[in-house]
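*Asks:* Requesting a structural model of the entry that follows:
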Amino acid sequence: MTTTGKILMVVENLSVPADPRVWIEATTLRDRGFQVSIICPKGSSRHRESYICIDNIHIYRYQLPRVANKYTSYIAEYAAAIIKTFWLSFTVLIRHGFDIIHAANPPDLFFIIGFFYRLLGKKFVFDQHDLAPEMFQVKFKGRMKLLYRLLLFLERCSYQTADLIIVTNSSQRRMAIERGGRPAEKVFVVRNGPDLEHLKLVTPESELKGGRSYLLAYVGVMSLQDGVEYALYALHDLVYKRGRRDISLVLMGDGDQVPTLHALTHELQLDEYVNFTGWVSRGDIVRYLTVADVGLSPDPQNGLNEYSTMIKTMEYMAMRKPVVAFDLTETRFSAHDAALYATPNLVEDFANKVEILLDNEELRLSMGTVGRKRIEEELSWDHSKEHLLLAYEVLFSKSSDLAKLSVPVEIE
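*Replies:* The predicted model follows:
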């Protein structure tokens, strides 16, 4: 597929290039010949430029408001995001032009912008990263039923407005077809495959283990649904109930739960065992994962994570690290035999699985080898990107040509 088409990607959840999925999609589409522009929020400490061109991708950023009350913060944040994204879209249209709006959720509000530009002959792609109704049920602990129904409505609007839908796994694909009422041929699975070019073992730096024999690692966002507190409780179990003073934990990433996690670390008397790095470079992630002994995916069972694909799990696998995770459908699909699975939300069993791996070097090495092989043969971005490019081929094909295209359907 050769093209000179122009794409405007919009995202609210993270700044770019910090958002790994948006950035790898953007660079893939650029490499295929598309002109790519992105509108996203500014980061809190980095990625603060209002405009920057990185690797020939135009990035426009806006400032999100800061609201202390969590019940009003989402309204203020999303309202500001939609208004500022809409305004900046005119800047992109005038300066660079675009044929396609490629919108990543959450929130499920970008269909408003997509619908407007469809009236002007543009196409709208809905890239569903998370199930927003389920995510907000987790954040509000099942309260605010009216909000849940509203989010279901907004999700359906996003499905129905889209010319094409991209999801991260087969569970979400079923949602788009059954809950969203979209035909199967309009829904493409583009998994969060890691980029193997940037995930390779380097020379080990033992000092990164904090002076201890073993290092546990977590990489990613630290929000309520991510369950990082389970990793801390499991570490407390290992250190104070089992007497294991030979373990350190590195937490690489950031999110709205970080202040709570710092407080919990202090409360559990784990300050000397835990290293919060904040967001670090890809190179630093590789340095830590090179010396790490176990990768942690503590995402709990909560009505959302069962349908989510965790990119951190596959990054551990790409770095030949065994994984400990709670037993969730999509996590098990990703990791297969590269992980030990704990009973969902049971801290003691999570700690049990970690200790099994710490006490068995041969098992760690064999599981790491299995994980790397699975990434190389099935789940790396080199495989996932073919689905993304096929989706765009379908988007640009005439109806009469669709029968000639082979649209892959995953089998769980």
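
*Asks:* Next one: the residue nearest to A325 when sequence neighbours are not counted from E178, what distance?
*Replies:* Leaving aside its chain neighbours, A325 sits nearest to S297 (3.8 Å; criterion: Cβ to Cβ, 6 or more residues apart in numbering). C-beta coordinates here come from the backbone N, C-alpha and C atoms, glycine included. S297 sits 27 Å away from E178, going by Cβ to Cβ, to the nearest Å.

*Asks:* More neighbours: which of the two?
*Replies:* Between S297 and E178, S297 has the larger neighbour count (other Cβ atoms under 10 Å), namely 28 against 9.

*Asks:* what's near enough to touch that one?
*Replies:* Listed by Cβ atoms under 8 Å, 6 or more residues apart in numbering, the contact set of S297 reads M310, K312, T313, Y316, V323, V324, A325, F326, T331, A339.

*Asks:* what residues are up against the last one?
*Replies:* Meaning A339. Neighbouring residues of A339 by Cβ under 8 Å, 6+ apart: S297, T313, P322, V323, V324, A325, T331, R332, M367, G371.

*Asks:* same check, this time on the second one
*Replies:* With contacts defined as Cβ under 8 Å, 6+ apart, the neighbours of K312 are Y218, V219, G220, G295, S297.

*Asks:* That one: which element?
*Replies:* Per DSSP states H and E: K312 is located in helix 311-318.

*Asks:* next structured bit after that helix?
*Replies:* strand 323-326.

*Asks:* Centre of the chain to that next one, how far?
*Replies:* How far strand 323-326 lies from its chain's middle: 17 Å, per Cα atoms, centre = their mean, to the nearest Å.

*Asks:* in that strand, what counts as buried?
*Replies:* V323, V324, A325, F326 (16 or more other Cβ atoms under 10 Å).

*Asks:* contact partners of the helix or strand following it?
*Replies:* Going down the chain from strand 323-326, the next helix or strand is helix 329-335, by DSSP H and E. Contacts of helix 329-335 from elsewhere in the structure, counted by Cβ under 8 Å, 6+ apart, are 169-171, 297, 299, 305-310, 313-314, 317, 323, 325, 339, 341, 371, 374, 379, 412.

*Asks:* For the residue positioned nearest the centre of the chain, give me its contacts.
*Replies:* When Cα atoms, centre = their mean is applied to the chain, the residue found nearest the centroid is I311 (5.7 Å). The neighbourhood of I311, defined by Cβ under 8 Å, 6+ apart, consists of P20, R21, N192, P194, G220.

*Asks:* Could you find the closest non-adjacent residue to the fourth one?
*Replies:* Residue nearest to P194 in three dimensions, not counting chain neighbours: A318, with 4.5 Å by Cβ to Cβ, 6+ apart.

*Asks:* Check the burial of the one you found by counting its neighbours.
*Replies:* Using other Cβ under 10 Å, the number of residues around A318 comes to 26.

*Asks:* Same question for H96.
*Replies:* H96 is flanked by 15 other residues according to other Cβ under 10 Å.

*Asks:* same deal with F90?
*Replies:* F90 - counted by other Cβ under 10 Å - has 9 other residues nearby.

*Asks:* just the contacts of S297 now: which is nearest Y230?
*Replies:* Relative to Y230, the closest of the contacts of S297 is F326; by Cβ to Cβ it sits at 7.8 Å.

*Asks:* The closest residue to that closest one other than its chain neighbours: neighbour count?
*Replies:* Excluding its sequence neighbours, the residue lying closest to F326 (Cβ to Cβ, 6+ apart) is P344, at 4.5 Å. Using other Cβ under 10 Å, P344 is surrounded by 17 other residues.

*Asks:* Give me the contact list for the helix or strand where R372 lies.
*Replies:* According to DSSP H and E, R372 maps onto helix 361-374. Helix 361-374 is contacted by residues 293-294, 316-323, 335-340, 356-357 when judged by Cβ under 8 Å, 6+ apart.

*Asks:* If I take that helix and helix 311-318, what angle do their directions form?
*Replies:* 110 degrees (axes from the mean of the first three to the mean of the last three Cα atoms, to 10 degrees).

*Asks:* can you give me the offset of helix 361-374 from its chain's centre?
*Replies:* Here helix 361-374 is found 23 Å from its chain centre; the criterion is Cα atoms, centre = their mean.
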